[in-house]
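[1] Compute the structure for the input listed below.
(2 chains)
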Amino acid sequence: MPQTTAQTFRTALIQEEDLSLLEEVSMKTAGVSHLEMCIQCGSCGGSCPPAEEMDHTPRMLFAMLRAGMRDAVLQSNTPWICVSCYHCVVRCPQNVHITDVMYTLKSMAIREKKYRDATAPEFSETFVDMVEKYGRSFEFGLATRHYLKHAPLRLVGMSTMGLGMLTKGRMSITPRKIKGMPQLKAILDKAKELELTS
Amino acid sequence: MSDYLFYPGCSMESSAKAYYDSLMEIAEPLGIHLKEIEDWNCCGATEYVGINLIPAYSLIARNLALAAKMKNGTQTLVAPCSACYLNLAKADYYMAERPALGEKVNQALEAGGLRYTPGSLDIRHILDVIINDIGLEALRAKVVKPLKGLRVAPYLGCMVPRPDYYHRWSDAEHPIELVEVLKTIGAEVIDFPRATTCCGGHMTQIGPETAYELIRRLISSAEKYKADIMVTVCPMCQMNIDAYQSETNRHFGTNYHMPIVFFTQLIGLALGFPPEKLGFGTEITSTKAALARIGVEIPEPVEEGAPRRKKEEGLPMPPRLLKNIKGKPRNAEEAEQ
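    Here you go, the predicted model:
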């Protein structure tokens, strides 16, 4: 476990309890997160298919939130490994909206530029760029831009599959654009303004 | 005929075309009338919500507002894609659960002349509509070619039965809906232990080794239970297991061959439609051997398939490249070159 040796953990825990980070994350999460209700049972980590790849299990990450370990939490790869399968959510006895908390932590890590590997954040940002430009997702543009930057060698191995997708009509090389782009843009501009002031 | 508002989602017009085509074929005989939301936009998948909150929910809510404006006798909004279904349901649910979020999303929508009152639509998945509105008996009555002898692994995936805000599904981890539908059309359904485990989602793009392991678990389990084919309700699951299977094989040095199709494609076969009308032949992992077991012949890959209509707003591409990819010229200008 990088970042969280037992020693740093203990040091953080004996300080006077400061729940401001926990509250901040909870407030920024869609819906009622129930994050403060976590009882550290570990059902989440035990249910998580890719937990072994995570720096911290969700349970430990939530303990770190409670301990106010902002940098360590936002540098953790855990939210970026989360596959949004919601196994932990339905098993959590305290009804913590774990997946949505992971989304909040990703957005905070992006805003504060704390993530350690840019692959996943830049994938999300490229996806969002396409949607903001066309109103629809655009797989061909997304895949080419993403792979050229982050995994050019993988393109070689995937060329057969990519060509298959193209010739079978499953991927278009031209994006589709919605008619209401000005309306969508007005909505998203206003939403971004509200996001900054909230 | 029952009317439903319909949100197809981006995959249905690209990677999951087979899902769209087969759904369109079976909708009429099953008495489902789908009214597509006019000018719908992407739901943001699992990406937009990881970047921000209010813009992400406003993006989803524009669709809800457009759908609510079209509701005329029905307030049921149907989505076939799991991620779209979850996002639409989630926005509706959280806008009500956190009125402060709902209010801000509506302020943003108003900048585009729209508004959405949470709770004014019933957001449902197409499988839920088929089993609960149409019903298994009505489905059985339409079956002309039961899929006797085809062993299928019912793979529902994550985002339909979980987190299930409206308590529509029989179980979060081992729901019976897909199993029942597949039994009704005559298939032999295995008791698939990984029916709702993850396919890797977007990790095929950003962390392929994580995804390969999740894909391997699924296909090896389906194979151990001697399934001929996996059946899904989700474009992402289909794409990961179908298109990334050879990469997964290369990664582990394995030699799995486990085809995966949409449940609407199998319903279509049972209802007597020819396979080419149901999008068969567009898989990367061939279904030929599996479907030969029930005497269905799959068309050869559609190399000569009709190219997509060129859109005026599309990206400019060199005509030579377009010609090479599509195999034949798409318009007079290209034909000359």
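[2] separation between the spatially closest residue to A:Ala63 that is not a sequence neighbour and chain B?
    Leaving aside its sequence neighbours, A:Ala63 sits nearest to A:Gln40 (C-beta to C-beta, 6 or more residues apart in numbering or on different chains; 6.2 Å). Every C-beta, even on glycine, is put in place using the N, C-alpha and C of the backbone. The gap separating A:Gln40 from chain B is 21 Å, by C-beta to the nearest C-beta, to the nearest Å.
[3] What is the neighbour count of A:Gln40?
    The burial metric for A:Gln40, expressed as a neighbour count using other C-beta atoms under 10 Å in any protein chain shown, is 11.
[4] swap in the one 3 residues further on?
    For A:Ser43, the count of nearby residues is 19 (other C-beta under 10 Å).
[5] Return the residues in contact with it.
    Under the criterion of C-beta atoms under 8 Å, 6 or more residues apart in numbering or on different chains, the neighbours of A:Ser43 are A:88, A:91-93.
[6] repeat for B:Ser22
    Listed by C-beta under 8 Å, 6+ apart, the contact partners of B:Ser22 are B:262, B:264-265, B:267-268, B:273, B:277-279.
[7] Distance check, the nearest residue to B:Phe273 once chain neighbours are set aside against B:Ala227.
    Here the nearest residue to B:Phe273 in space, its sequence neighbours aside, is B:Glu25; by C-beta to C-beta, 6+ apart that works out to 5.2 Å. With the distance defined as C-beta to C-beta, to the nearest Å, B:Glu25 ends up 24 Å from B:Ala227.
[8] Ok, A:Arg176 next?
    According to C-beta to C-beta, A:Arg176 stands 35 Å off from B:Ala227.
[9] Mind jotting down where the helices sit in the stretch 1-150 of chain B?
    Secondary structure of the stretch 1-150 of chain B by DSSP state H, counting those that start in this stretch: the helices cover B:17-30, B:54-70, B:82-97, B:99-110, B:126-129, B:136-142.
[10] List the buried residues of the first one.
    Looking back up the chat, that one is helix B:17-30. Of the residues in helix B:17-30, those with enough neighbours to count as buried (16 or more other C-beta atoms under 10 Å in any protein chain shown) are B:17-27, B:30.
[11] try the last one
    Residues of helix B:136-142 classed as buried under the neighbour-count rule (16+ other C-beta under 10 Å) are B:136, B:139, B:142.
[12] can you redo the residues you listed as a markdown table with pLDDT and distance to chain A?
    Rendered in a markdown table, the data for the buried residues of helix B:136-142 read as follows (pLDDT from 0 to 100; distance: C-beta to the nearest C-beta, whole Å):
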| residue | pLDDT | distance to chain A |
| --- | --- | --- |
| B:Leu136 | 98 | 26 |
| B:Leu139 | 98 | 28 |
| B:Lys142 | 98 | 28 |
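[13] ok, of the residues you listed, which one's closest to B:Gly112?
    B:Leu139 (40.1 Å; C-beta to C-beta).
[14] List the residues that contact the closest one.
    With contact taken as C-beta under 8 Å, 6+ apart, B:Leu139 is in contact with B:30, B:130, B:181, B:184-185, B:267.
[15] Got the domain ranges for chain B?
    Dividing chain B into domains by automatic domain parsing, as the record does, gives the ranges B:2-126, B:136-292.
[16] and A:Arg111, how many residues sit next to it?
    By other C-beta under 10 Å, the residues close to A:Arg111 number 12.
[17] quick one: pLDDT of residue 3?
    The chain I'm using is chain A. The score at A:Gln3 is 55. That number is its pLDDT.
[18] Let me rephrase: I mean chain B.
    The score at B:Asp3 is 94. That number is its pLDDT.
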